[in-house]
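Engineer: Got a predicted structure plus its sequence, pasted below:
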Amino acid sequence: YKVAEKIDAGGMAEIFRGYAHSLDGIQKQVAIKRIRPHLATNKTFIQMFIDEARLTMRLNHANITQVFDVGRAQGTYFLVMEFVDGANLRKISQAAAEKGYRIPVEIAVLIILDVCKALAHAHEARDETGKALNIVHRDVSPPNVLVSQEGEVKITDFGLAKAVTHLEATDPGVVKGKFSYLSPEATDGKPVDARSDMFSCGIILHELLTGRRLFMGKTDLETVEQVKRCEVAPPSAFNPDVDNALDEIVLRALARDRKRRFQSARDMGDALARYLFSHNLKVTVFDVSQMMRMLFSDDELDTYPRRVVDIIREEVINLSSLGRLPGVTPTEGVQPLDLGEFQARKTAFEDIWKDFDVLEGKGDSGISPVSISMASSRSDSSVERVYEESQASNKKAVEKGGSSGWKWALLAILGIGAAAAIGYLVMYTNLLQ
């Protein structure tokens, strides 16, 4: 396996995009989930990780991300999984909110219908002898529901799932999962079953229909108290496109008493399918795909370093020409960049920016573009070591050439300005003649 880039990270694991290599240069894009190094010696967590691999490799369904392999390297464990080119529901909801876009009712229903299909497969799974595995996901939440650019819906991360195959048992009274998506019985530390996952599906569907969080307190404790009270307004109170029939489905999934909920994922999925058919709502993966392409256009996927370079290029033009060259006008509101303040600012793209400097050959970094590109083919520890070396050498380069770099930059700007002024004078003289 060859690691290409890190695409996500959490408190317990990191996700990388990579490639599985086979004979004659054949390769397949995969996702690699690696335990964070500081947890690699935690026996309890390692057993949970292995349980996840054992469980997920038993499941084979179109709406569940597939796990191909599990291994150990450089002192830590990793899973090799299906790579889903898209976004999770948390990012989709955020993108929709930023664009002022309301997710259509039929698409929201279809997404949860696909989640129910996946959960029905997991809940009803049996071992080789026909014995029920009694799987409960326990962490059905927006970050764990993926939607591809092609409109496919897949649930992932069975790391907190409960099953009879697990070697690591859950301690009685221990609450596992994201607080905002727990069921009332889970917040009390009671045993959970498939109906707990149905409650989580109800929360997600309510949030997709309303565009707002359902259970979200100022603190975790306040959030848990909201879940326990389970006081839920119907989605139609926030979305006029939702009718009474859909309200009933959502509120049934969110019943505080689990005996009044859908008793299985199959039941809830059937109710959602009947709703779509009875209301003549035609919706397919093509509609979901169209929404994904609208929310995540190619322009928004442009790299951060390129956007920064475009800003700096525009700034140099404005400063050097003083806004007086033909065809060039000052940009309203644009001020010269304070590089000191900009470099000191911590951003989510800081690492990309620094690597971009190295790849552009700026400064005496001592790290060539080849070594940076080759780092992705090494082990994870090698990548981290090369990155640390590049960071250290960049720091030395800045300390070594700090003042002289500013002098050269100032001379360059003055030279450009002088050239522009001479050109302007020549043009003006020609006009007079």
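Structural biologist: In hand now; what should we look at? Numbering: from 1, shown residues only.
Engineer: Quick check: which ranges of the stretch 151-300 of the chain have low pLDDT?
Structural biologist: Residues of the stretch 151-300 of the chain meeting the criterion pLDDT under 70: 159-177, 298-300.
Engineer: could you show me where the helices are in it, in order?
Structural biologist: With DSSP state H, counting those that start in this stretch as the criterion, the stretch 151-300 of the chain has helices at 184-187, 194-210, 220-229, 244-253, 265-278, 285-295.
Engineer: Which pLDDT does the model give residue 381?
Structural biologist: Note on residue 381: pLDDT of 43.
Engineer: ok so, going back, quick one, which of the helices of the stretch 151-300 of the chain is packed in tightest?
Structural biologist: Scoring those by mean neighbour count under mean count of other CB atoms under 10 Å gives helix 194-210 as the most buried, with a mean of 25. Where C-beta positions appear, they are placed from N, C-alpha and C, glycine not excepted.
Engineer: Can you give me the neighbour number for residue 99?
Structural biologist: Using other CB atoms under 10 Å, the number of residues around residue 99 comes to 11.
Engineer: how near is it to residue 251?
Structural biologist: Going from residue 99 to residue 251 by CB to CB, to the nearest Å gives 29 Å.
Engineer: Next up, phi/psi of the residue nearest to residue 68 when sequence neighbours are not counted, please.
Structural biologist: On the basis of CB to CB, 6 or more residues apart in numbering, the spatially nearest residue to residue 68 that is not a chain neighbour turns out to be residue 80, at 4.8 Å. Here the main-chain torsion angles of residue 80 (degrees, to the nearest 10) amount to phi -110, psi 120.
Engineer: How about the contacts made by residue 80?
Structural biologist: Taking CB atoms under 8 Å, 6 or more residues apart in numbering, we find residue 80 in contact with 1, 20, 30, 31, 32, 67, 68, 69, 70, 71.
Engineer: go with 10 Å
Structural biologist: 1, 18, 20, 28, 30-33, 53, 66-71 (CB atoms under 10 Å, 6 or more residues apart in numbering).
Engineer: Closest one to residue 293 out of those, please.
Structural biologist: For the contacts of residue 80, the closest approach to residue 293 (CB to CB) belongs to residue 31, at 21.3 Å.
Engineer: who's in contact with that closest one?
Structural biologist: Taking CB under 10 Å, 6+ apart, we find residue 31 in contact with 7-8, 15-18, 65, 67-68, 79-85, 146, 156.
Engineer: out of these, which are buried?
Structural biologist: With burial judged by 16 or more other CB atoms under 10 Å, the buried subset of those is 15-18, 65, 67, 79-84, 146, 156.
Engineer: Tell me which residues touch residue 17, please.
Structural biologist: With contact set as CB under 10 Å, 6+ apart, residue 17 has these partners: 3-8, 29-32, 83, 85, 376.
Engineer: out of those, who's nearest residue 296?
Structural biologist: Nearest to residue 296 among those, counting by CB to CB, is residue 85 at 10.5 Å.
Engineer: how close does that closest one sit to residue 99?
Structural biologist: Taking CB to CB as the criterion, residue 85 is separated from residue 99 by 21 Å.
Engineer: Please apply the same query to residue 56.
Structural biologist: Plainly put, residue 56 is 34 Å away from residue 99 if you go by CB to CB.
Engineer: And for residue 264?
Structural biologist: The separation that residue 264 has from residue 99, given CB to CB, amounts to 36 Å.
Engineer: Check residue 143 too.
Structural biologist: Looking at residue 143 against residue 99, where the rule is CB to CB, the gap reads 20 Å.
Engineer: Check residue 217 too.
Structural biologist: According to CB to CB, residue 217 and residue 99 sit 27 Å apart.
Engineer: for residue 61, same thing?
Structural biologist: For residue 61, the distance to residue 99 under the criterion CB to CB works out to 32 Å.
Engineer: Please apply the same query to residue 242.
Structural biologist: Using CB to CB, which is the criterion applied here, residue 242 is 20 Å from residue 99.
Engineer: Show me what the helix or strand containing residue 122 is packed against.
Structural biologist: Under the criterion of DSSP states H and E, residue 122 resides in helix 105-123. Helix 105-123 sits against helix 89-99, strand 145-148, strand 153-155, helix 194-210, helix 244-253, helix 265-278, helix 285-295, with contacts defined as 3 or more CB pairs under 10 Å, 6 or more residues apart in numbering; DSSP states H and E.
Engineer: Residue 205 contacts residue 111, correct?
Structural biologist: Yes. With the criterion set as CB atoms under 10 Å, residue 205 and residue 111 qualify as a contacting pair; they are 8.2 Å apart.
Engineer: which neighbours do the two share?
Structural biologist: Residues touching both residue 205 and residue 111 (CB under 10 Å, 6+ apart) are residue 272.
Engineer: give the contact list for residue 115.
Structural biologist: Contacts were defined as CB under 10 Å, 6+ apart; by that measure residue 115 touches 63-64, 89, 137, 140, 144-145, 153-155, 197, 200-201, 204-205, 265, 268-269, 272.
Engineer: now do 6 Å
Structural biologist: Taking CB atoms under 6 Å, 6 or more residues apart in numbering, we find residue 115 in contact with 145, 155, 201.
Engineer: measure it to residue 187 for me?
Structural biologist: 21 Å.
Engineer: cool, residue 227 as well?
Structural biologist: In this structure, residue 227 lies at 5 Å from residue 187, with CB to CB as the measure.
Engineer: At which residues are the strands of this structure located?
Structural biologist: Per DSSP state E, the chain has strands spanning 2-9, 13-21, 27-35, 67-73, 76-82, 86-88, 145-148, 153-155. These are given in chain order.
Engineer: what's the closest of those strands to residue 293?
Structural biologist: Ranking the strands of the chain by proximity to residue 293 (CB to CB) places strand 86-88 first, at 10.4 Å.
Engineer: Partner strands of that closest one, with direction?
Structural biologist: strand 145-148 (antiparallel) (DSSP bridges).
Engineer: The strand it pairs with - what's its average pLDDT?
Structural biologist: The predicted confidence, averaged over strand 145-148, sits at 96.
Engineer: how about stretch 131-146: buried residues?
Structural biologist: Taking 16+ other CB under 10 Å as the basis for neighbour counts, the residues of stretch 131-146 that come out buried are 133, 135-146.
Engineer: farthest-separated two in those?
Structural biologist: With distance counted by CB to CB, no two of the buried residues of stretch 131-146 lie farther apart than 133 and 142, which are 25.4 Å apart.
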